[in-house]
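[1] Structure for the following, please:
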Amino acid sequence: MIKFAEDYNAFRLGVGEAKAVNDVWDGDGWHFYAMLKVRADKIAADKLRDVRRMVGMYTNYNRAAVAATEMIAGKYGITCDILEHQGNVIHFFFPCLGQDEGEIIKEFGRLLNSMVEIYVRKYYADNVTQFHMAAEFGRSVLVRVASPEATDSSNSLVSLGPCANAPAKQMGESKEDCSRPLWWRTGEGAVWNCDDCSGCSDVEAYAIVCAIRKYGSDYFKAIPNEEDDLVESCCESLGIVPKSTEDKLVPIEGFFFRVDMDGFTNKIKTAFSNGREAVKNVVVEFIGYMATANAWQVSTDMKVSAFPWAGDCFNALVLPASDKGWIGGFEMSRKAQPLKIVSEWERQISAQHKGTRWAYTVSGGDIYQFEVETRNRKFKLAVGRPAGLTLAAIHFNNNPPGSVVMHNRDVEKFDSVTKKMFNNFSRGRHPNFKYLDEEDRKSVGQKATVAVASKAIAQDGYAESRPWSI
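    Sure, this is the predicted structure:
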């Protein structure tokens, strides 16, 4: 049973709450995405010193985002919420801000870029190659669903609608002679405009932090009035220094698992044209997917630590059930465990939602969990090679539905049966990634191989080998 909240402010009060049944909000607003383009070798950090820098960078990136939202909200008396924090990508939302108020969106882009310059690039310039943003106005549905862990940082707030999806795809685009692009448009089908938000002089930086002092709240420390050493003084007064993470980082040996659903944006787009009841039906369907994911977390013999959904993409850290650790050691588990994770998910999802198409990626190794905090909630983030490789893999070659994308370093850990199973069904070849597609599994010539692999895997308690998409 779902309830549509007519008032957004009433809806947002429960953002951090852990509920089994949650309210839904349906309305207009601006969805704004920001992305740090991080060096590939850093986003999939293997060395502890790089991991620490990534944690510090994401933590201070969050602080920059909070500072910008506090200022723009205080200055104009509006609401600006952070809906998602996915490491290098942050998703903001301006509810009820009019379609013709793009100037505020552009001002926010300049403010956010300036705060990123102060908080992030000042300390992490060698890790970041670019900073991009994109925003679009339109109608969307916000859905709040709790994870089985019922922790604030694991709960999800998902936005459904074309305007909540298109900017995420557009923000990666570049434009000649534009070093800090903000792509924006006033609705689906409109032309994408591009503004350059680069530039942050000392005077501008001081003006920004003074505005935070004026319009912000006690969330920030008081800012001194002295104007000597403008930027340094402001940074010090706000505590803008890299946060130490050395005492908090503990590596967890496990697998990072991401699974991306295909085509759901089109469903909500069609529902918008067919009335509130149609929208409600689509929302119920999506909540059903999330409930099925929760059921898998509870029923599997593996321990699953859920992360917030990224739109229609489920993310989780998967561990063994035994408190004694991996039976035979973690390296032993890498021989077949990744395909067990995929197979279990597919079996659980397909039993409840036939016809849904998913793309999968799994990677194993040391994973580091930590939290960042905004005014009204916390977000759980992960860094380390598995988190970085799966983030790249889920977007690799558009990761066609029905495929499993894995890095060669993970495939090489498979035992002979699992590797043969994976490689025989791998249609594509790439220096870093391989993927298997359901079309390969339909090949008559491979049916015997599938049968042999299924029998061998089943002896170890794995689900029957079959197409990942039904």
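
[2] and stretch 4-18, average pLDDT?
    For stretch 4-18, the mean pLDDT works out to 66.

[3] Tell me which helix or strand the closest residue to A65 other than its chain neighbours sits in.
    Excluding its sequence neighbours, the residue lying closest to A65 (CB to CB, 6 or more residues apart in numbering) is I90, at 5.1 Å. Every residue, glycine included, has its C-beta placed from N, CA and C. Per DSSP states H and E: I90 is located in strand 89-95.

[4] list the contacts for the residue nearest to A65?
    Listed by CB atoms under 8 Å, 6 or more residues apart in numbering, the contact set of I90 reads Y33, A34, Y61, N62, A65, I82, E84.

[5] could you redo the last one with a cut-off of 10 Å?
    32-36, 58, 61-62, 64-66, 68-69, 82-84, 112, 116, 133, 372, 374, 379 (CB atoms under 10 Å, 6 or more residues apart in numbering).

[6] Then V141?
    V141 touches 4, 24-27, 158-161, 164, 268, 271-272, 279-280, 282-283, 286, counting by CB under 10 Å, 6+ apart.

[7] Can you check which helix is longest in the chain?
    When the chain is parsed with DSSP state H, its longest helix is helix 48-76.

[8] In strands, which of the contacts of V141 fall?
    F4, V24, W25, D26, G27, V158, S159, L160 (DSSP state E).

[9] how close does the fifth one sit to F272?
    Per CB to CB, to the nearest Å, G27 is found 12 Å from F272.

[10] Overlap of the contact sets of those two?
    With CB under 10 Å, 6+ apart as the test, G27 and F272 both reach R139, S140, V141.

[11] which of the residues you listed lies closest to P95?
    S140 (9.4 Å; CB to CB).

[12] what's the nearest residue to that closest one if we skip its chain neighbours?
    G161 (3.3 Å).

[13] Tell me the spacing between that neighbour and D26.
    Taking CB to CB, one finds G161 at 9 Å from D26.

[14] Quick check: neighbours shared by these two?
    What both G161 and D26 touch, as defined by CB under 10 Å, 6+ apart, is the set R139, S140, V141, L142, F272, V279.

[15] For the fifth one, which residues are in contact?
    By CB under 10 Å, 6+ apart, the contact set of F272 is D26, G138, R139, S140, V141, L160, G161, P162, A278, V279, V282.

[16] just curious, which of those is nearest to A316?
    L160 (20.6 Å).

[17] May I have the residues that are in contact with the closest one?
    24, 26, 139-143, 264-265, 267-269, 271-272, 279, 282-283, 286, 311-312.

[18] And T265, by the same measure?
    L160, G161, P162, C163, A164, N165, A166, G311, D312.

[19] Let me know the pLDDT of the third one.
    According to the model's per-residue confidence, P162 sits at a pLDDT of 93.

[20] higher neighbour count, G161 and D26?
    G161 (24 against 21; other CB atoms under 10 Å).

[21] Output the below-cut-off pLDDT ranges for the protein.
    In the predicted model, the chain carries pLDDT under 70 at residues 1, 13-22, 122-123, 150-152, 199-248, 320-328, 350, 395-400, 421, 423-470.

[22] Identify the residues contacting Y368.
    45, 48, 51-52, 54-55, 245, 248-252, 381-384, 387.

[23] Okay, domains of the protein per the record?
    3-238, 252-458 (automatic domain parsing).

[24] From L36, how far out is S154?
    Relative to L36, S154 is positioned 23 Å away (CB to CB).

[25] between these two, which one's more packed in?
    L36 (23 against 20).

[26] ok, back up a step: in PyMOL, select just the buried ones from the contacts of Y368.
    Selection of buried members from those for PyMOL, criterion 16 or more other CB atoms under 10 Å:
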select buried, resi 45+51+52+54+55+245+249+252+381+382+383+384+387
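
[27] Let's see which of the contacts of Y368 end up in helices.
    Reading helices off the contacts of Y368 with DSSP H, I get L48, V51, R52, M54, V55, A387.

[28] buried stuff in the longest strand out of those in the chain?
    Counting residues, the longest strand found in the chain (DSSP E) is strand 128-145. Residues of strand 128-145 classed as buried: 128, 131-145 (neighbour count, 16+ other CB under 10 Å).

[29] next one: stretch 49-68
    50-68.

[30] now swap in stretch 108-128 and tell me
    Applying 16+ other CB under 10 Å to stretch 108-128 flags 108-124, 127-128 as buried.

[31] Ok, stretch 26-41 next?
    Buried residues in stretch 26-41 (16+ other CB under 10 Å): 26-38.

[32] Next up, phi/psi of N127, please.
    phi -100, psi -30 (degrees, to the nearest 10).

[33] Excluding chain neighbours, what is closest to it?
    Nearest non-adjacent residue to N127 (CB to CB, 6+ apart): K42, at 4.7 Å.

[34] likewise E331?
    Per CB to CB, 6+ apart, closest to E331 is K413, 7.3 Å.

[35] Is the one you found in a helix, a strand, or coil?
    coil (DSSP: H, G, I helix; E, B strand; the rest coil).

[36] Please renumber the chain so that the first residue is 784 from this point on.
    Right, with 784 as the first residue, what we last looked at is K1196.

[37] Let me see the contact set for it.
    Per CB under 10 Å, 6+ apart, neighbours of K1196: E1114, M1115, S1116, R1117, K1118, A1119, Q1120, P1121, G1147, G1148, M1189, K1202.

[38] Quick one, which of these are buried?
    S1116, R1117, K1118, A1119, Q1120, P1121, G1147, G1148, M1189.

[39] circling back to that earlier point, how about TSV for the contacts of T1048, with distance to E884 added?
    As requested, the contacts of T1048 are exported to TSV (distance: CB to CB, whole Å):
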residue	distance to E884
L943	23
G944	19
P945	19
C946	15
A947	18
N948	21
A949	19
G1094	25
D1095	28
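
[40] farthest-separated two in the residues you listed?
    C946 and D1095 (15.0 Å).

[41] could you point out which element follows the helix or strand harbouring E1127?
    Taking DSSP H and E as the criterion, E1127 maps to helix 1120-1135. The first helix or strand that comes after helix 1120-1135 along the chain, using DSSP H and E, is strand 1141-1156.
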